[in-house]
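In: Need the 3D shape of this:
(one chain, ligands or ions: 1)
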Amino acid sequence: MITASQLYAYVQCPHRVYLDAFDDQTRRDEPNAFVELLWEQGVEHEAQIVAGLGITADMSVVQFDDRERETRLAMQRGERLIYQGRLSSGDRLGAPDLLERRGDRYIAGDIKSGAGLEGDDSDAKLKKHYAVQLGHYANILDLEGLGVGHEAFVIDRSGSRVPYVLDEPQGSRNTVTWWEAYLESETAVRALLAQTAVTLPALSATCKLCHWYSFCKADLIARDDLTLIAELGRSKRDVMMSAVPSVRALARSNPDSFMQGKKTDFAGVGPDSLIKFHHRAQLLATPGAVPYLKQTVSLPIAAREVFFDIEADPMRDVVYLHGFVERLHGQPGSARFVPFFADGIDPAHEERSFGEAWAYLSARVEDSIVYYYSKYERTAYKKLASRYPGVCSEEQVVELFGLPAMVDLYSDIVKPATEWPTYDQSIKTLAQFLGFQWRDTHPSGAASIEWYHRWIETGDVAIKQRILDYNEDDCLATGVVLDGIRRL
Ligand code: SF4
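Out: Numbers count the residues shown, from 1 in each chain. Model prediction:
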């Protein structure tokens, strides 16, 4: 049977659908604490939402084997709102969180603990992994003569209802509708389950939270797969691999032989990208390779340097830590950590820590160079300013981050001006390449969020210290990467 979970997984990674269905499940990684937290939060959130919805038929209390029969009986009775029903049609099986009566038909909905849409308010759009699940439910309802067409909805983390109109195009450039995307995904999943289609792993950001991560990473390294090259993802690998099947093959190749004018033999890969990937392949294929500068780098200098990193919890939509490490220019031994921690989950806690961090940052840009890694801090500060206009305005945030003393080390320096013999250019990867070690044995932003949740639950000072140490190390790591670039 094809399920909504398989369609969701397919959108994340086709190979995961294959591995989940056919590989040795003992080769999975141990459950990830952050993924378990997501699961717990999802269950808790769903219970809170459901309590306020006025459910008229609760299928969660029905024996699993009887659930489809009881769901259909509830629909025949015309129940207004059915929770955790179960329906099938042919080889499709669906268990939408909600079935809502509309006239004498039903529309399906899911309760999500994340945002209902992705992107900023101005260009927010449906989430594809939600859309394919909801398309699956709408299809089952239609095939059984119970549906209202290609429509569904999400109840998001704030309890708001987000319509999913699946006949709309995915965007102004991508005119394929969400419904067509669902049908394509379903066809692909069916082929994977029938083993008439073959998939390969592909290294991506999704992998780090996947239970096949260790297994796939070892496989990718053994294959010398092209997705080991930073920014060369699945779709590019798939169009390139018949001509260049491995990192070593790309490193040995002459990229000019794949170029004709402003095009290459590989759809979606321009000449500049191909040359970049060729250089990265050469670095990865060369034992003992060292990073290098692609262009001259000009870094501002002041008596003091500050490294800045925030920790945010997307589930509670809260920034819970603003961390700064300040030091004298180029003197790691003088480093001092200055954290501003939200001592609770009330908006007043977040506002206070933001206000303190804003005052600190506003003073430091006057006498220091402030480094942060990627655009995340700027985006988060704009959002905080719109939430707490008493601290500062969005215009002030844009102005501050536009000052020459504010340097986005990743976007302004690492990405345009450097190359590294690594699989990606994250702060963790580059600092570890340069010999830096986090005090924590499992450092990650996701782990920090999980610790924050445990600290909220328990108030354990050791957990809070772990969060602070991790953030301090992130800030110190930014300094290590800066020093490494200076040495280049
Ligand atoms: S680890 Fe990555 S490639 Fe492997 S199944 Fe998971 S998401 Fe896919």
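In: Output the set of residues of the stretch 151-300 of the chain in proximity to the ligand.
Out: Applying CB under 6 Å from any ligand atom, we find that the stretch 151-300 of the chain lies next to the ligand at 201-202, 206-207, 210, 212-213, 216. C-betas here are computed from N, CA, C, even on glycine.
In: so which helix or strand takes in the closest residue to the ligand within the stretch 251-400 of the chain?
Out: When scored by CB to the nearest ligand atom, the stretch 251-400 of the chain has Leu284 as its residue closest to the ligand, at 18.1 Å. Assessed by DSSP states H and E, Leu284 sits inside helix 271-285.
In: Ala9 and Cys210, how far apart?
Out: Distance of Ala9 to Cys210, given as CB to CB, to the nearest Å: 9 Å.
In: Find the residues that touch each one of those two.
Out: Shared contacts of Ala9 and Cys210 (CB atoms under 8 Å, 6 or more residues apart in numbering): Arg16.
In: what's around Arg237, how many residues?
Out: Around Arg237 there are 20 other residues, counting by other CB atoms under 10 Å.
In: Likewise for Pro169?
Out: By other CB under 10 Å, the residues close to Pro169 number 14.
In: for it, phi and psi?
Out: Backbone torsions for Pro169, taken as degrees, to the nearest 10, come to phi -70, psi 160.
In: Go ahead and confirm it touches Thr177.
Out: Yes - Pro169 is within contact range of Thr177, at 5.5 Å (criterion: CB atoms under 8 Å).
In: What is the burial count for Pro31?
Out: Every residue meeting other CB under 10 Å relative to Pro31 is counted, giving 10.
In: Quickly find the element holding the residue in the stretch 351-488 of the chain positioned nearest to the ligand.
Out: Closest to the ligand within the stretch 351-488 of the chain is Tyr423: 12.5 Å, counting by CB to the nearest ligand atom. Using DSSP H and E, Tyr423 maps to neither a helix nor a strand.
In: list the contacts for it?
Out: Tyr423 neighbours (CB under 8 Å, 6+ apart): 203, 228-230, 284, 429.
In: doesn't Phe258 make contact with Pro243?
Out: Wrong residue type there; residue 243 is Ala, not Pro. Yes - assessed by CB under 8 Å, Ala243 is found in contact with Phe258 at 6.8 Å.
In: quick one: which of these two has more around it?
Out: Neighbours per residue, other CB under 10 Å: of Ala243 and Phe258, the larger number sits with Phe258, 19 against 14.
In: What count of nearby residues applies to the closest residue to that one other than its chain neighbours?
Out: Excluding the flanking residues, the one nearest Phe258 by CB to CB, 6 or more residues apart in numbering is Asp265, at 4.6 Å. Per other CB under 10 Å, the neighbour tally for Asp265 reads 15.
In: confidence score at Asp265?
Out: Asp265 is assigned a predicted lDDT (pLDDT) of 96.
In: So which helix or strand of this structure has the lowest pLDDT on average?
Out: helix 33-51 (a mean of 87; mean pLDDT, DSSP states H and E).
In: Look up phi and psi at Leu321.
Out: With angles defined as degrees, to the nearest 10, Leu321 sits at phi -150, psi 130.
In: Tell me, how many residues neighbour the residue lying closest to it once chain neighbours are set aside?
Out: Sequence neighbours aside, Glu311 is the residue nearest to Leu321 in space, at 4.1 Å (criterion: CB to CB, 6+ apart). Glu311 is flanked by 24 other residues according to other CB under 10 Å.
In: and the strand or helix carrying Glu311, what does it pack onto?
Out: Assigned by DSSP H and E, Glu311 belongs to strand 304-313. Judged by 3 or more CB pairs under 8 Å, 6 or more residues apart in numbering; DSSP states H and E, the packing partners of strand 304-313 are strand 318-328, helix 347-367, strand 368-372, helix 376-387, helix 445-458, helix 461-487.
In: any chance of these in CSV, with mean pLDDT and distance to Lys112 too?
Out: Formatted as CSV, the helices and strands packed on strand 304-313 follow (pLDDT from 0 to 100; distance: least, CB to CB, whole Å):
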stretch, mean pLDDT, distance to Lys112
strand 318-328, 96, 18
helix 347-367, 96, 22
strand 368-372, 97, 30
helix 376-387, 95, 20
helix 445-458, 91, 17
helix 461-487, 96, 26
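In: who wins for proximity to Arg439 among those?
Out: Closest approach to Arg439 among these is made by helix 461-487 (5.3 Å; CB to CB).
In: Return the set of buried residues in that closest one.
Out: 463-464, 466-468, 470-482, 484-485 (16 or more other CB atoms under 10 Å).
In: which residues touch the residue nearest to Glu46 when sequence neighbours are not counted?
Out: Leaving aside its chain neighbours, Glu46 sits nearest to Ile111 (4.7 Å; criterion: CB to CB, 6+ apart). Residues near Ile111 by CB under 8 Å, 6+ apart: 45-46, 49-50, 97-98, 154-155.
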